[in-house]
Every structure is written in structure tokens, then in C-alpha cells.
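Asker: Here is my input; please provide its structure:
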Amino acid sequence: MLEKNDQRLRQRELLLRVSRAITAQLDLTSVLDLVIDVAVDLLAGTAGLIALPDETGALQVHSAQGLPRESWPAFRGLLGTSLDDRRGMGLRLQEVAGNTRLPLRQVIALPLTFRQTRVGVLYVFRAALNVAFTTEEQELLKAFADQAAIAVSNARLYQSVLHDKQQLDALIEQSADGVMILDARWRITTFNRAMENLTGWPRDEALGRPCAEVVGITSPDGT
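Answerer: The predicted structure follows:
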């Protein structure tokens, strides 16, 4: 009994420590890899995967542990099965195991839900036929999945913002008009190619300087 309690305590400590780590990550790939590694470790699983919805809403594998990338397409049927259909998931898992020769006999799957929106699904597999996932393990995984959903949502939001910024930077750079962006202290943070041509200032030298110095703005008295 004491050993079981110690194991639970270690699991909870790991859960807390890793939850803090993943919510601090902003790179989506790193977040997904960390989440699935920890989920499999928490449940003493054989393998696992994280699936995220594509533009059509269909789930696609984005990260996995213990599953060769070439085997990912074989999970399409399993990913398309409702999480409430336990029998259907069992049959699909048998198909996957038969087609890939992977030792997968037990599966537990939980949605990654953030603000009532499903952002993905987490699957953990076991090779042992007679070692089913317990209710306690499901609760442990759910606690972890709740934190993982926040991390995945944050990473995807950051990725979207970064993509938008890259697009904006490209538009500014390609503009025929001179464009510069200033910070709160009126110092230059963005300086495009057209602005280089207009002012004669190389970008590397203009960045970080006061805009008045670069564009030659003076006061009425000439200072």
C-alpha cells in the first residue's frame, strides 16, 4: 500500500513539474514531443501519439513515441473512430497492429480540450493484453491532458502570430514605399530596403537610432 502511494506521489510530482515545463514552451513541435513522451512515461505505455485536426477537422498524427513515422498512415481508421466507441477503437487497434506488426493491444485516448474547444487527441498504447488501463490512470492522464491542451493552444497561437509577423515583414520589405517602424522612444525597429534608398542609411546602421537622426528632422531653429 505504501509503495502504491509512493508511486502516486511520484506521478503527481512529475505531472506538476512537466506541466510547468510544457506551458512555458512556445514551439509547437517541442510541445507536442514533450507531451507525448511524458504521457507514455506516466502510464508506463509502450507507445503513444498526438493527433491534431487539419483544416477539414480530420485528425492527423503530429507527434509520436515508439511509432515509426512510416506507420502513421495506418492509424487513420483509429483516429476517425469516436472516443466513446470503445469496441470500435479496439477493432481499429487490432487492424493497426496487424498491418504494422506493432505490439499494440491496449489503448487509452483522451481529448485535449481548451475553453470547450478540442485542440487534439492524446493516445497511449500498451503491448500487454492483460494489463488494461485503470480508472486511476485515466484520471491521471486527464489531469495531464488538461495542462497539455493549454500548452498546445498557446504554442499554436504563438505560431499563428509569428506567421502573421513574417508575412507583414515580407510585405514591408517588398514595398516600393519607404517604411520604418519606431518604438516608444522613437527609435527605429524596422527599416525596409526602399527606406535605405531614400535616406542613404544602411539598415544595420539605422536600426536602433532615433528616427530624427536618420531622416534629418530638425527643429525650427535648426537643431
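
Asker: longest single helix anywhere in the chain?
Answerer: In the chain, with assignment by DSSP state H, the single longest helix is helix 135-174.

Asker: The protein: strands as residue ranges?
Answerer: Applying DSSP state E to the chain gives strands spanning 47-53, 59-65, 106-114, 117-126, 180-182, 188-191.

Asker: And the third one, what's buried?
Answerer: Taking 16 or more other C-beta atoms under 10 Å as the neighbour-count basis, strand 106-114 is seen to contain the buried residues 106, 107, 108, 109, 110, 112, 113, 114. Quick note: C-beta positions are derived from backbone N, CA and C, even for glycine.

Asker: Identify all residues paired with residue 61 through a beta bridge.
Answerer: With DSSP bridges as the criterion, residue 61 is bridged to residue 51.

Asker: pLDDT score assigned to it?
Answerer: In this model, residue 61 is scored at 97, pLDDT.

Asker: ok, now which ones touch it?
Answerer: By C-beta atoms under 8 Å, 6 or more residues apart in numbering, the contact set of residue 61 is 49, 50, 51, 72, 75, 79.

Asker: What of residue 124?
Answerer: Contacts of residue 124 (C-beta under 8 Å, 6+ apart): 39, 40, 43, 45, 47, 48, 107, 108, 109, 133, 141.

Asker: now, among those, which is nearest to residue 195?
Answerer: Among those, residue 39 lies closest to residue 195 (C-beta to C-beta), at 49.4 Å.

Asker: Surely the closest one and residue 47 touch.
Answerer: No. Using C-beta atoms under 8 Å, residue 39 makes no contact with residue 47, being 10.5 Å away.

Asker: Near residue 215, how many other residues are there?
Answerer: Look at residue 215: counted by other C-beta atoms under 10 Å, it has 15 neighbours.

Asker: Distance-wise, check residue 90 relative to residue 96.
Answerer: Applying C-beta to C-beta, to the nearest Å, the value for residue 90 to residue 96 is 11 Å.

Asker: Repeat that for residue 51.
Answerer: Computed as C-beta to C-beta, the residue 51 to residue 96 distance reads 13 Å.

Asker: Report the residue spans of the chain with pLDDT below the cut-off.
Answerer: 1-25, 217-223 (pLDDT under 70).

Asker: and with 80 instead?
Answerer: 1-26, 129, 131, 216-223 (pLDDT under 80).

Asker: Show me the domain layout of it.
Answerer: 1-166, 176-215 (the TED database).

Asker: so which of those is the most packed in?
Answerer: Highest mean neighbour count of these: domain 1-166, a mean of 16 (counted as mean count of other C-beta atoms under 10 Å).

Asker: Can you tell me how far residue 95 is from residue 68?
Answerer: Counting by C-beta to C-beta, the gap from residue 95 to residue 68 is 17 Å.

Asker: List the residues that contact the closest residue to residue 201 other than its chain neighbours.
Answerer: The shortest distance from residue 201 to any non-neighbouring residue, by C-beta to C-beta, 6 or more residues apart in numbering, is to residue 214 (5.2 Å). Residue 214 sits next to 180, 188, 191, 199, 201, 206 when contact means C-beta under 8 Å, 6+ apart.

Asker: which of those residues lies closest to residue 28?
Answerer: residue 191 (30.3 Å).

Asker: give me the beta-bridge partners of that closest one?
Answerer: residue 180.

Asker: what's the farthest-apart pair in the contacts of residue 124?
Answerer: 47 and 141 (14.5 Å).

Asker: can you tell me how far the residue positioned nearest the centre of the chain sits from residue 157?
Answerer: Nearest to the geometric centre of the chain sits residue 28, at 2.8 Å (C-alpha atoms, centre = their mean). Here residue 28 is placed at a distance of 10 Å from residue 157 (C-beta to C-beta).
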